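Peer 1: Kindly generate the corresponding structure for this input.
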Amino acid sequence: MFPKLETKRLVLREILPSDAEDIYSIFSNEEVTKYYGLNTFKKIEQAEKLIEAFTINFQSEKGMRWGIEKKGIPGLIGTIGFNSWSKAHRRAEIGYEIYPDFWRNGYASEAVAKIVDHGFQEMELIRIGAIVFVENIGSSQLLMKQGFEKEGILRKYMYQNNEAFDVIMLSKCNRQNNGDE
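Peer 2: Numbers count the residues shown, from 1 in each chain. Okay, the predicted model is just below:
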C-alpha cells in the first residue's frame, strides 16, 4: 500500500491517473523542466505515461513518487520521491519539483524533510543521494540546508534538449541506522 504522508501544510500522496492534468501542467512548464533532465512535455499523453512509470516503479520497488498537495486544496503543486531505490543496498536518490507559482514558500523544504525522514525511518535507507544540475543553485542550497553534503561533480551526466550537463552529487546518510547493529 502506498504511504500517505502529512506535514504541517502538505499532504504527500500517491499520484493517480486522475492527476494527469496537474502533472502535465507541472512538466509542460519550461521553468520546472529547465534543470530536470527531462524534456518539457508537449502532450498530456506524456503525463499519463509518467504516472504509469511512477506506478510501475513503486510496484517493482525501484522508486516511490508522491504528489504534493497543499492541505485542504485539491490539486498537485509538485511531486517528490525516490528514484534508483535499491532495497539491497539501502539507498535511493531523491528528486522533486514544485510548480513556479509555489516557489520560495518552503514547500519543497517541508516535503524533502518529510520523505527523508520516511526514507530513513520506514524504508530503512542508510543513504539518500541527490543529483542536481550545477546551475540549479537553489536546489543545491535547499538540500545542503537539509543536511546533504556535496560529494563532487559528475561531468556531462545529464542529457537534455540536445545538450550534456554537469551535475553535483550530494548525499545524506543516516547515522542512526548504519548497519552496525
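
Peer 1: In terms of helices and strands, where is L170?
Peer 2: Assigned by DSSP states H and E, L170 belongs to strand 163-173.

Peer 1: ok, and for that strand, which residues are buried?
Peer 2: Buried residues in strand 163-173, defined by neighbour count with 16 or more other C-beta atoms under 10 Å: F165, V167, I168, M169, L170, S171, K172, C173. Yep, even glycine has a C-beta here, placed from its N, CA and C like the rest.

Peer 1: Turn those into CSV, including pLDDT.
Peer 2: Converted to CSV, these look like this (pLDDT from 0 to 100):
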residue, pLDDT
F165, 92
V167, 95
I168, 96
M169, 97
L170, 97
S171, 97
K172, 97
C173, 96
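
Peer 1: show me where this structure has helices.
Peer 2: Listed in chain order, the helices of the chain (DSSP state H) span residues 20-27, 30-33, 44-59, 107-121, 137-145.

Peer 1: Contacts only, for the nearest residue to Y157 once chain neighbours are set aside.
Peer 2: Nearest residue to Y157, sequence neighbours excluded (C-beta to C-beta, 6 or more residues apart in numbering): V167, at 4.6 Å. By C-beta atoms under 8 Å, 6 or more residues apart in numbering, the residues touching V167 are I131, V132, F133, V134, I153, L154, Y157, M158.

Peer 1: swap in G152?
Peer 2: I168, M169.

Peer 1: Give me the pLDDT for it.
Peer 2: Each residue has a pLDDT score; the one for G152 is 96.

Peer 1: N174 versus that one, what's the distance?
Peer 2: G152 is 21 Å from N174, where distance means C-beta to C-beta, to the nearest Å.

Peer 1: rewinding a little: quick one: which of the contacts of V167 is nearest G119?
Peer 2: Nearest to G119 among the contacts of V167: I131, at 15.8 Å, using C-beta to C-beta.

Peer 1: ok, how many other residues are close to the closest one?
Peer 2: For I131, the neighbour count with other C-beta atoms under 10 Å is 18.

Peer 1: from memory it sits against M169, does it?
Peer 2: Yes. Here I131 lies in contact with M169, judged by C-beta atoms under 8 Å, at a distance of 6.1 Å.

Peer 1: Quickly list what's touching both of these two.
Peer 2: Among the neighbours of I131, those also in contact with M169 (C-beta under 8 Å, 6+ apart) are L154.

Peer 1: List buried residues within the contacts of V167.
Peer 2: Buried among the contacts of V167 (16+ other C-beta under 10 Å): I131, V132, F133, V134, Y157, M158.

Peer 1: I figured E97 hits G37, correct?
Peer 2: No. The criterion here is C-beta under 8 Å, and E97 misses it with G37 at 10.7 Å.
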